[in-house]
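A.B. asks: I need the structure of the sequence given here:
(chains A and B)
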Amino acid sequence: QKEVEQDPGPLSVPEGAIVSLNCTYSNSAFQYFMWYRQYSRKGPELLMYTYSSGNKEDGRFTAQVDKSSKYISLFIRDSQPSDSATYLCAMSANSYSGNTPLVFGKGTRLSVIA
Amino acid sequence: IAGITQAPTSQILAAGRRMTLRCTQDMRHNAMYWYRQDLGLGLRLIHYSNTAGTTGKGEVPDGYSVSRANTDDFPLTLASAVPSQTSVYFCASRATGTDTQYFGPGTRLTVL
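C.D. replies: Down below sits the predicted model:
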């Protein structure tokens, strides 16, 4: 079993829809959870960062972590065509250490159709 | 320079040739990373460096080497390129005390 599982999609939604992106993981030591957004032919950029369980909201984006289920989600409200990108989840067990680097999901490709 | 730069942007290389991918950051971050990204496999860590003068192996280090002579530069060398090294390569950096990694724009490498 891979440490991090993420449905690769592609996911296609109409503009204005609520999008739900998810990752599951197997390592119970993971405590730091991130979502990166990657536009076509660009490098990933950090979108959301959460520590341990709970919710975090930033504008139209909400990140949720459920450590008991080993499940994280990213919700996008009022989706826009500019949200079309690949979304990668990432997580790590120990902060600040390159010896336990980020483990990335494979990414979900999202298309928001105008 | 702002952030992380990578060079070249893209390259076609004959198998067996030596190639160095360059990465420079101006954020004075201590930690730097090299990833390769392949369709269906996601981002995989090749090598990392926690601070200047130190390096470590990631998930897929074979066929690659790195050096970290100073804080700003972290070159990745393919000593003798093979077609399986065809990929998009991303350099990233992270400031001490944070988990956030900042990525460069990537280098598209094709080995024929």
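A.B. asks: Can you show me the strands along chain A?
C.D. replies: Taking DSSP state E, the strands of chain A run over residues A:4-6, A:11-14, A:19-25, A:32-38, A:45-51, A:54-58, A:61-66, A:71-76, A:85-92, A:103-104, A:108-113.
A.B. asks: what pLDDT, on average, does the first one get?
C.D. replies: Which is strand A:4-6. On average, the pLDDT along strand A:4-6 is 93.
A.B. asks: quick one: strands adjacent to that strand?
C.D. replies: Using DSSP bridges, the strands paired with strand A:4-6 are strand A:19-25 (antiparallel).
A.B. asks: Please produce JSON lines containing the strands of chain A, extended by mean neighbour count and distance to residue B:57.
C.D. replies: For every residue, glycine as well, the C-beta is placed using N, CA and C. Output for the strands of chain A, formatted as JSON lines (neighbours: other CB atoms under 10 Å in any protein chain shown; distance: least, CB to CB, whole Å):
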{"stretch": "strand A:4-6", "mean neighbour count": "20", "distance to residue B:57": "20"}
{"stretch": "strand A:11-14", "mean neighbour count": "13", "distance to residue B:57": "34"}
{"stretch": "strand A:19-25", "mean neighbour count": "20", "distance to residue B:57": "23"}
{"stretch": "strand A:32-38", "mean neighbour count": "22", "distance to residue B:57": "22"}
{"stretch": "strand A:45-51", "mean neighbour count": "16", "distance to residue B:57": "25"}
{"stretch": "strand A:54-58", "mean neighbour count": "12", "distance to residue B:57": "33"}
{"stretch": "strand A:61-66", "mean neighbour count": "18", "distance to residue B:57": "29"}
{"stretch": "strand A:71-76", "mean neighbour count": "20", "distance to residue B:57": "28"}
{"stretch": "strand A:85-92", "mean neighbour count": "24", "distance to residue B:57": "17"}
{"stretch": "strand A:103-104", "mean neighbour count": "22", "distance to residue B:57": "16"}
{"stretch": "strand A:108-113", "mean neighbour count": "17", "distance to residue B:57": "29"}
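A.B. asks: In TSV: the ones you listed, plus distance to residue B:14.
C.D. replies: TSV is the format used below for the strands of chain A (distance: least, CB to CB, whole Å):
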stretch	distance to residue B:14
strand A:4-6	35
strand A:11-14	39
strand A:19-25	39
strand A:32-38	29
strand A:45-51	33
strand A:54-58	46
strand A:61-66	44
strand A:71-76	42
strand A:85-92	30
strand A:103-104	31
strand A:108-113	32
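A.B. asks: neighbours around residue B:19, how many?
C.D. replies: Residue B:19 has 18 neighbouring residues, counting by other CB atoms under 10 Å in any protein chain shown.
A.B. asks: Also residue B:84?
C.D. replies: 10.
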